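S.K.: generate a structure from the sequence data that follows.
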Amino acid sequence: MRKLLLASLMVAVLAFGVAAATTDSDTHSFSVDIEEMAVLDCTDAPGTLSLTQPAAGGAEPAPVTDATAYIQYTIVLGSEITKEIQARISDGTLPVGCTLTLSANAALYEGTDTVEPITLSGTALDLITLIPTCATGTVADTDGAVLTYSLSVEALTGTAADSTVVKNTSNQITIEFTLADTA
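M.R.: Sure, this is the predicted structure:
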């Protein structure tokens, strides 16, 4: 009888020990760190903006536009309130007597603001402002802000010796976009 009682007690202790092990727990403690982010990508630029002759003599060439490029960005703000994107001609020069403007349609992103079309030069100008924390997406033909380039000639006045007269030429232009803290 004593052996039976001892065996029963051992079975009870083992059963209790197994049951207690199934309710055990432990924890992990770690930090979560979100870095400030500012990443900018452009889809393919327009191939060539070509001014062509007007249909009627005496008329000026019509401006030519291209709205096939997009600018995409990912932003996680740090201490600053918003970011902005600026644009400038970083390499090359426009043909004499021509103007190149650029506008961006970033209105799809809440809080973002776009400025009027800017006239591109070597000086960086605000293109998109008040950009909050966001990610525009990465699909080349649909995501991001649509960029619209417009090439036009200034008034065709002056003499052939006048340096402001448009001449037949072809120039390569590079546009630089900068994602920066709002000034």
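S.K.: counting by contacts, list what the helix or strand residue 150 falls within packs against.
M.R.: Using DSSP states H and E, residue 150 maps to strand 145-153. When contacts are defined as 3 or more Cβ pairs under 8 Å, 6 or more residues apart in numbering; DSSP states H and E, strand 145-153 sits against strand 64-76, strand 98-105. Backbone N, C-alpha and C define where each C-beta goes, glycine included.
S.K.: and the ones you listed: which comes nearest residue 126?
M.R.: Evaluated over these, closeness to residue 126 peaks at strand 98-105, with 10.2 Å, by Cβ to Cβ.
S.K.: partners of the closest one in the sheet?
M.R.: Using DSSP bridges, the strands paired with strand 98-105 are strand 118-119 (antiparallel), strand 145-153 (antiparallel).
S.K.: any idea of the mean pLDDT in the first one?
M.R.: When you say that, I think you mean strand 118-119. Mean per-residue pLDDT for strand 118-119: 95.
S.K.: circling back to that earlier point, among the strands paired with strand 98-105, which is the most enclosed?
M.R.: Most buried of the strands paired with strand 98-105, by mean neighbour count (mean count of other Cβ atoms under 10 Å): strand 145-153, with a mean of 20.
S.K.: that one: what's the following helix or strand?
M.R.: Next along from strand 145-153, by DSSP H and E: strand 174-181.
S.K.: remind me which residues of this structure are low pLDDT?
M.R.: 1-21, 107-113, 155-166 (pLDDT under 70).
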